[in-house]
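Student: prediction below, plus the sequence it came from.
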Amino acid sequence: MLFGGYQHNIDKKGRVFIPAKFREALGEEFYICRSIFGKRCLCVYSQAEWDKLVEQISTLPNTKSNDLKRFLYDGTFTVGFDSQGRILIPAGLREYSLLEGEAHIIGMASNLEIWNTELWAKENEKYTPENIASIVEELNF
């Protein structure tokens with residue numbers, strides 16, 4: 001399971017360091033793409049999690065499935081780690097997610113999210129204790 005948040009610099013070539021505990025879970029080759037969850041961040045999926053996502057997309061009606069595939073697959077790349085534990089984020093994905101300078105990397109259980117740190121700070125403002133408590137109430141926990 002992927003969890004935790006980390007801040008790392010993006011170098012001039014577009015590479016960012018991925019913490020070791022995330023690297024182990026992702027494997028040698030994995031996928032990076034635009035988020036499909038209404039956020040301007042990137043998502044990183046292991047092969048197994050990518051396969052699950054692709055399978056779920058195939059259950060949608062064709063018109064919806066094709067729209068989602070066009071958005072998702074057009075901006076998806078297979079990546080791997082270099083010898084220093086970094087990944088190269090393709091230029092188009094860096095532009096889409098406004099990534100430069102620093103990135104905030106979050107484990108989301110089944111995948112990673114990579115955020116522009118300023119966008120993450122704005123997003124994170126809405127996660128107040130009260131808002132989270134109201135969500136937890138729905139779990140009957």
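Tutor: Yep, it's here.

Student: where do the strands sit along the protein?
Tutor: Using DSSP state E, the strands assigned to the chain run over residues 2-9, 15-17, 29-34, 42-45, 77-80, 86-88, 102-109, 112-116.

Student: which secondary structure elements does the lengthiest helix in the chain contact?
Tutor: Taking DSSP state H as the criterion, the chain has its longest helix at helix 62-74. Here helix 62-74 touches strand 29-34, helix 47-57, going by 3 or more C-beta pairs under 8 Å, 6 or more residues apart in numbering; DSSP states H and E. From N, CA and C alone the C-beta is placed, and that goes for glycine too.

Student: let's have these in TSV, adding mean pLDDT and mean neighbour count.
Tutor: Converted to TSV, those look like this (pLDDT from 0 to 100; neighbours: other C-beta atoms under 10 Å):
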stretch	mean pLDDT	mean neighbour count
strand 29-34	98	20
helix 47-57	97	14
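
Student: compare these and give me the one nearest Y73.
Tutor: strand 29-34 (8.1 Å; C-beta to C-beta).

Student: that closest one to helix 47-57, inter-axis angle?
Tutor: 50 degrees (axes from the mean of the first three to the mean of the last three C-alpha atoms, to 10 degrees).

Student: if I look at the spatially most central residue of the chain, how far off is L26?
Tutor: Note on the chain: the residue nearest the mean C-alpha position is C43, at 1.9 Å, using C-alpha atoms, centre = their mean. Computed as C-beta to C-beta, to the nearest Å, the C43 to L26 distance reads 12 Å.

Student: got any residues that touch both of those two?
Tutor: Here C43 and L26 share the contacting residues L112, scored by C-beta atoms under 8 Å, 6 or more residues apart in numbering.

Student: follow-up on the earlier one: who does the residue nearest to the centre of the chain bridge with?
Tutor: For C43, the beta-bridge partners under DSSP bridges are C33, E113.

Student: re the thing from before, which outside residues touch the longest helix of the chain?
Tutor: So helix 62-74 is contacted by C33, R34, I36, I57, S58, L60 (C-beta under 8 Å, 6+ apart).
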